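Asks: next input, structure requested:
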Amino acid sequence: MIRAYRPDGTAEIFSASDPRTNLDPAILWLDLVNPDRAEEELAERLLGVPLPTRDDLKDIEPSSRLYVEDAVVFMTGSLVYHVETDLPELTDVAFILSGNRLITIRYAEPRAFSLFSAGLLRVPGRYQTGAEMLGRLLETVVDRTAEVLEIGVARLDALSAEVFVDRKAAKRRPPRFLEDKLLDIANHHRLVSKARDSLMSLSRLVTFLRSQPLVRKDPEADELCRIVAHDIQSLSEHAGFVSNNITFLLDASLGLISVEQNAIIKIFSIASVVFLPPTLVASIYGMNFQFMPELHWQFGYALALVAMLLSAIIPFQFFRWKGWL
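Replies: As a prediction, the model looks like this:
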């Protein structure tokens, strides 16, 4: 699908069979969403610029994501999407500045694009150049990434409240509760790491964009890029802080699991020690020696039971006195 946006926010959808050979000069933004080869050829014919294909975006090396060719600026950034699911992903989006026109090529639906296109209608005529529109689009992308981090922080706070509870609440937990929470921690880490990767990609993109004459001679676009670069730096630092919190929560959860396992092992250890003396007494009187006077006593059986009971109670009370129970 090819959407063409004008400064007033109105959009036009082109089909692959469109016969036109040039674009309306008023069109500032051409958005290619999951284009097939016919639509790519149509866009190339209308723009007069060779466009990267889906395979090009996938195979492009990190060092070749930003370049200028025949006065056309080609940039590729990684944007996070599917943040509402347990498997957030990154998608590569091409941002191209050709003269006074912005071209984007994407094969996913990051929410920032729908937010930005909806904002065009609310403030018609706000953008006069493609560079300014790109700056505002990147600003929306960064704002959406900030929302993603806020979502991650909210989920992390809720998870932390579930993990760190008082002892009474901890005893009411179902079996393997903390082990299941490790998967949730991994999901939160994946979301934050994807957001950090996206911010790193956007940081390189904005730095490259600010060095281009097309942006430097546009004061509005240059100021937008400066603000976006500052926001990216702040969000990167915040993402690092959130990542450290996730690491702490992971370490704490593993520590609590170890404490629970040690408590179970402690119970078995104490039980074995408590029942060891009665076993010794029973073993002695289980011997088949001929001369064991207690075997002929009238109350020998009862005395043996009392001896076994006392040999169990005494160690148990000693452990309680020492505070080991």
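Asks: the host helix or strand of Ser114 packs against which elements?
Replies: Element membership for Ser114 (DSSP states H and E) is helix 111-122. Packing partners of helix 111-122 (3 or more Cβ pairs under 8 Å, 6 or more residues apart in numbering; DSSP states H and E): strand 2-5, helix 130-163. Where you see a C-beta, it was placed from the backbone N, CA and C, and this is true even at glycine.
Asks: rebuild the ones you listed as JSON lines, extending it with distance to Ile314, mean pLDDT and mean neighbour count.
Replies: Below are the helices and strands packed on helix 111-122 laid out as JSON lines (distance: least, Cβ to Cβ, whole Å; pLDDT from 0 to 100; neighbours: other Cβ atoms under 10 Å):
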{"stretch": "strand 2-5", "distance to Ile314": "84", "mean pLDDT": "81", "mean neighbour count": "20"}
{"stretch": "helix 130-163", "distance to Ile314": "40", "mean pLDDT": "85", "mean neighbour count": "20"}
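Asks: quick one: the ones you listed as CSV, columns for distance to Gln317 too.
Replies: Formatted as CSV, these follow (distance: least, Cβ to Cβ, whole Å):
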stretch, distance to Gln317
strand 2-5, 80
helix 130-163, 35
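Asks: out of the ones you listed, which comes closest to Leu182?
Replies: Nearest of the helices and strands packed on helix 111-122 to Leu182, taken as Cβ to Cβ: helix 130-163 at 10.0 Å.
Asks: please save the CA atoms from the helix holding Ser114 in CSV.
Replies: The C-alpha trace of helix 111-122 is given here as CSV (Å, rounded to 0.1, in the frame of the first residue of the first chain):
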residue,chain,number,x,y,z
ARG,A,111,2.0,2.6,16.5
ALA,A,112,4.0,5.8,16.1
PHE,A,113,3.1,6.0,12.4
SER,A,114,-0.7,5.8,13.1
LEU,A,115,-0.3,8.4,15.8
PHE,A,116,1.6,10.7,13.6
SER,A,117,-0.7,10.4,10.6
ALA,A,118,-3.7,11.1,12.9
GLY,A,119,-2.0,14.2,14.2
LEU,A,120,-1.6,15.6,10.6
LEU,A,121,-5.4,16.1,10.5
ARG,A,122,-5.5,17.8,13.8
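Asks: list the buried residues for it?
Replies: Within helix 111-122, the residues scored as buried using 16 or more other Cβ atoms under 10 Å are 111-113, 116-117, 120.
Asks: now the angle from that helix to helix 130-163?
Replies: Relative orientation of helix 111-122 and helix 130-163, computed by axes from the mean of the first three to the mean of the last three Cα atoms, to 10 degrees: 130 degrees.
Asks: three-state assignment of Ile105?
Replies: strand (DSSP: H, G, I helix; E, B strand; the rest coil).
Asks: which strand residues bridge it?
Replies: Going by DSSP bridges, Ile105 is paired in beta bridges with Leu32, Ala94.
Asks: measure it to Glu223 for me?
Replies: To Glu223, Ile105 is 26 Å away according to Cβ to Cβ, to the nearest Å.
Asks: can you check Phe241 too?
Replies: According to Cβ to Cβ, Phe241 and Glu223 sit 28 Å apart.
Asks: same thing with Leu276?
Replies: 80 Å.
Asks: and of the buried residues of helix 111-122, the nearest to Ile313?
Replies: In terms of Cβ to Cβ, no member of the buried residues of helix 111-122 lies closer to Ile313 than Arg111, at 67.3 Å.
Asks: hmm, the closest one is touching Arg144, no?
Replies: Yes - the pair Arg111 / Arg144 is scored as a contact, 5.8 Å apart, by Cβ atoms under 8 Å.
Asks: hey, what's in contact with both of these two?
Replies: Counting by Cβ atoms under 8 Å, 6 or more residues apart in numbering, no residue touches both Arg111 and Arg144.
Asks: number of nearby residues for His280?
Replies: Residue 280: Leu, not His. 12 (other Cβ atoms under 10 Å).
Asks: that's a helix at it, yeah?
Replies: Yes - checked against three-state DSSP, Leu280 lies within a helix.
Asks: what sits closest to it if chain neighbours are left out?
Replies: Ser311 (7.3 Å; Cβ to Cβ, 6 or more residues apart in numbering).
Asks: check contacts around the one you found.
Replies: So Ser311 contacts 277-278, 280-281 (Cβ under 8 Å, 6+ apart).
Asks: and the helix holding Ser114, average pLDDT?
Replies: The average pLDDT within helix 111-122 is 79.
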